[in-house]
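Colleague: sequence-free structure coming up:
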């Protein structure tokens, strides 16, 4: 073996991370298996050579947030300690993505991750254009139950292989904007096809908050960077959206409901959750109610819209969610962590312009977080940590 050959353990670890990228947009269960396998394959390296961790700027804010989550759980209810740490363990995906990986494997990570997102985006297109609904068909003659579920939409909305259209749209928005920056070297047609598939999945998910977040991120991107290509993409996306909305009564109704505060049940529920969240923050300003302890009965929603017996645990706003569960101090740590991640990505795209889409995809998630509590969704957090870590690794090695 030559001196430049990559040792087998490192090749196996790199392959696991490449495969992880491919399945992250598709399957949470498979992703959990692969990142655990990558972690195990990395253990021998800790004993073979000193671990040289290069600080990224997010470590201290993350650690401070974890410590405060534990404090909040202990002050509110010790039973919530497990919930406080459950989502935090996913940071290991970031640790693996940023800490390991050869120069040659990083483009493959981007390629397979984008390929997985494009595949699930195309599945969403199929789901929207066919009549099966997950709430209706229990079986179809000659078709397996798995295939029926995979190709069925949910209430007319594309969901891919996810159980929730919102989570699906958030992952695809991150993937589409990342690909728009040009993170992997392929033919232009292939990259634009992947961008189009991800964008179509977001659109047919009918997730209004992500629609606005994606268009908002594109607008900021084009104006801040004075990038005519991005502004052209934004204009083209708006024109296609307008045509689709006028051609489809379902999409037209969904778009028209964005500002409806009186009749749209989703909007009324959100307004009620946000109002009640502020009240809970006033009652528990410093440590909050505890991680995973937020409970808002339907009867407490001022404008109604919910099923009578429903208990809401998601505030549909990541910032209010953090403040309700961990208090204003916890919100401060959370904002510190997000700012540190954004700063690290801004520096990364300054070193490698191909990573600019990662930064603006992150901005889109921050905007989407104003109407959705995505930080409690493992699928979104794992994809974000993988992309964040890979981007910082790529900037360091300048692929």
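Modeller: Received the coordinates, thanks. Keep in mind that this is a model prediction, so the values were computed, not measured.
Colleague: show me where pLDDT drops low in the stretch 251-399 of the chain?
Modeller: Within the stretch 251-399 of the chain, the set of residues satisfying pLDDT under 70 comprises 398-399.
Colleague: ok, how many other residues are close to the nearest residue to residue 152 once chain neighbours are set aside?
Modeller: Using Cβ to Cβ, 6 or more residues apart in numbering and skipping residues adjacent in sequence, the residue nearest residue 152 is residue 132, 4.0 Å away. In short, each C-beta sits where N, CA and C put it, glycine included. Per other Cβ atoms under 10 Å, the neighbour tally for residue 132 reads 17.
Colleague: then residue 262?
Modeller: 7.
Colleague: kindly check the end-to-end length of stretch 173-187 for me.
Modeller: 21 Å (Cα to Cα, to the nearest Å).
Colleague: buried ones in it?
Modeller: The neighbour-count check on stretch 173-187 (16 or more other Cβ atoms under 10 Å) flags 173-184, 186 as buried.
Colleague: my read: the residue nearest to residue 152 touches residue 147, true?
Modeller: No: using Cβ atoms under 8 Å, residue 132 makes no contact with residue 147, being 9.8 Å away.
Colleague: now do the contacts for residue 389.
Modeller: 93-99 (Cβ atoms under 8 Å, 6 or more residues apart in numbering).
Colleague: how near is it to residue 341?
Modeller: Going from residue 389 to residue 341 by Cβ to Cβ, to the nearest Å gives 10 Å.
Colleague: hmm, back to that, would CSV of the buried residues of stretch 173-187 with pLDDT and distance to residue 265 be doable?
Modeller: Shown next, in CSV, are these (pLDDT from 0 to 100; distance: Cβ to Cβ, whole Å):
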residue, pLDDT, distance to residue 265
173, 97, 24
174, 97, 28
175, 96, 30
176, 96, 29
177, 97, 30
178, 96, 33
179, 95, 34
180, 95, 34
181, 93, 37
182, 89, 41
183, 84, 39
184, 77, 41
186, 76, 43
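Colleague: what pLDDT is listed against the nearest residue to residue 148 once chain neighbours are set aside?
Modeller: Spatial nearest neighbour of residue 148, chain neighbours left out: residue 140 (5.2 Å); criterion: Cβ to Cβ, 6+ apart. Reading off the confidence values, residue 140 has pLDDT 79.
Colleague: pull the number of nearby residues for residue 140.
Modeller: Residue 140: 13 surrounding residues under other Cβ under 10 Å.
Colleague: thinking it is in contact with residue 131, fair?
Modeller: No: counting by Cβ under 8 Å, no contact exists between residue 140 and residue 131, whose distance comes to 10.7 Å.
Colleague: quick revisit: closest to residue 204 among the contacts of residue 389?
Modeller: residue 93 (27.8 Å; Cβ to Cβ).
Colleague: tell me the SS of the closest one?
Modeller: With DSSP: H, G, I helix; E, B strand; the rest coil as the basis, residue 93 sits in helix.
Colleague: so it sits against residue 34, correct?
Modeller: No: contact status for residue 93 versus residue 34: not in contact, 9.9 Å apart, counting by Cβ under 8 Å.
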